[in-house]
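**Q** No letters, just coordinates:
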């Protein structure tokens, strides 16, 4: 259900946002842009405040619409199919929609605007590349992040163990679990993230592989996925990670292992640390995922947390691009945003924001900046169909294996067959 409300009003905070959208009414007229994005009330507040500042400086009215993530893609697909897409569109950072929307012409190539409406002069080059499809720029990164683990520091202190770091391996988790048990910490060491696509990707990169090839095929096989699922079966059997029953209850940030006190560590992207910390009084830290061995590649890379794109059918593409450029490159605008979507990709913006960030945002910035020895070149982004594979088929496969419905080998074999079917249909 969607409520239409006044231009600068927002919906009440809390659970209502998960089921509704906050809007500023849209009207088709000259010098007017429509903007759509997803996120919390805090994100909506900050985004609308930047839109207001842009309006005052440029005489352009911006009508914004904010939805919960689960509702966002359905609404955007409906608008796009009806020829009524907003001028400025939020795209995901995993790349699962950018390629699809670009290939359909639903978002515009931005190359012609670079150096004029779009200033990327001090923008991180890897983040520019992240927004390209078939060599053309379609999306502008709103902030970089990196995969990591949020950690309950109080649980680790009680167990007398150090924060895991760049030399920590999966084998080291056994000693941590023993310390947790001997000191009666009362929780598992880690959540079970066998169904998390980004964690699987990290594991594959450490093995010299990836999730997908550049031409949109699977870049790993049954043996790779079997080893991943078998790894987690061992951690589960040893009581190191959450049981299948416990993990099945993790359906949202609020019910995740660290927030509920069932696990000391869980996989999250760096920009999510702020949101997790708001849900618990326990002091959290951020660190990298365990490695399969200390001589394996680190498996880490900087990714775009999310993007802004211009609609392929917008009559005001240049004005839409000017707003996007302002959003990512203007220092005053980013003093309002305060890196909520990830580490800014503009060097001058990063320098200006560093002294202003709260503890968790500074921690995320330091974490991403300090990954050096673990960093690899970004792998190919998810192709068309990747969203279904990453967020539906993989979690279902991992859960089957966790509950013993299928052996790791059988679950892996069924996954590969299903994933290849999805990629063929999408192509």
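**A** Right, received. Where do you want to start? Treat the numbers as computed from the prediction; the structure is a model and nothing was measured.
**Q** Low-confidence regions, the protein specifically.
**A** By pLDDT under 70, the low-scoring segments of the chain are 1-30, 94-96.
**Q** OK, contacts around the closest residue to residue 183 other than its chain neighbours?
**A** Among residues not flanking residue 183 along the chain, residue 159 sits closest, at 4.8 Å (C-beta to C-beta, 6 or more residues apart in numbering). Backbone N, C-alpha and C define where each C-beta goes, glycine included. By C-beta atoms under 8 Å, 6 or more residues apart in numbering, the contact list for residue 159 reads 176, 179, 180, 182, 183, 185.
**Q** and what of residue 166?
**A** 288, 291, 298, 373, 374.
**Q** Report the central residue of this structure.
**A** For the chain, the residue sitting closest to the mean C-alpha position, by C-alpha atoms, centre = their mean, is residue 305 at 4.9 Å.
**Q** Got phi/psi on that one?
**A** phi -60, psi -40 (degrees, to the nearest 10).
**Q** could I get the contacts of residue 166 as JSON lines with secondary structure, distance to residue 330 and neighbour count?
**A** Shown next, in JSON lines, are the contacts of residue 166 (DSSP: H, G, I helix; E, B strand; the rest coil; distance: C-beta to C-beta, whole Å; neighbours: other C-beta atoms under 10 Å):
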{"residue": "288", "secondary structure": "coil", "distance to residue 330": "32", "neighbour count": "23"}
{"residue": "291", "secondary structure": "strand", "distance to residue 330": "39", "neighbour count": "24"}
{"residue": "298", "secondary structure": "coil", "distance to residue 330": "34", "neighbour count": "18"}
{"residue": "373", "secondary structure": "helix", "distance to residue 330": "34", "neighbour count": "11"}
{"residue": "374", "secondary structure": "helix", "distance to residue 330": "32", "neighbour count": "19"}
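**Q** can you count the residues close to residue 306?
**A** 21 (other C-beta atoms under 10 Å).
**Q** thinking again about what came up before, now do the same contact list for the residue nearest to the centre of the chain.
**A** 93, 141, 142, 143, 144, 145, 269, 271, 341, 342.
**Q** Tell me the secondary structure at residue 33.
**A** When classified by DSSP: H, G, I helix; E, B strand; the rest coil, residue 33 comes out as strand.
**Q** so it touches residue 85, yeah?
**A** No - using C-beta atoms under 8 Å, residue 33 is not in contact with residue 85, being 12.0 Å away.
**Q** separation between the residue nearest to residue 183 and residue 410?
**A** Distance of residue 159 to residue 410, computed by C-beta to C-beta, to the nearest Å: 36 Å.
**Q** The stretch 201-350 of the chain: strands as residue ranges?
**A** Applying DSSP state E, counting those that start in this stretch to the stretch 201-350 of the chain gives strands spanning 263-269, 284-287, 303-304, 306-310.
**Q** gap between the closest residue in space to residue 243 that isn't next to it in sequence and residue 168?
**A** Closest residue to residue 243 apart from its sequence neighbours, by C-beta to C-beta, 6+ apart: residue 236 at 6.5 Å. Distance of residue 236 to residue 168, computed by C-beta to C-beta: 19 Å.
**Q** before we move on, the earlier item: what is the nearest of the contacts of residue 305 to residue 118?
**A** Nearest to residue 118 among those: residue 141, at 12.5 Å, using C-beta to C-beta.
**Q** residue contacts, the closest one?
**A** So residue 141 contacts 93, 123-124, 127-128, 130-131, 304-307, 328, 342, 345 (C-beta under 8 Å, 6+ apart).
**Q** Top of the residues you listed by number of neighbours, please.
**A** Tallying neighbours with other C-beta under 10 Å puts residue 304 at the head of those, with 30 neighbours.
**Q** So what pairs up with that residue in the strands?
**A** residue 144 (DSSP bridges).
**Q** Is it in contact with residue 130, as I believe?
**A** Yes - taking contacts as C-beta under 8 Å, residue 304 lies within contact range of residue 130: 4.5 Å.
**Q** any shared contact partners between the two?
**A** In contact with both residue 304 and residue 130: 93, 139, 141, using C-beta under 8 Å, 6+ apart.
**Q** so which of these would you say is closest to residue 312?
**A** Of these, the one sitting nearest to residue 312 (C-beta to C-beta) turns out to be residue 139, at 12.1 Å.
**Q** Any figure for the gap between that closest one and residue 388?
**A** 20 Å.
**Q** Enumerate every residue touching residue 257.
**A** 187, 188, 190, 191, 242, 246, 247, 250, 263, 265, 266.
**Q** which ones among the residues you listed are found in helices?
**A** 246, 247 (DSSP state H).
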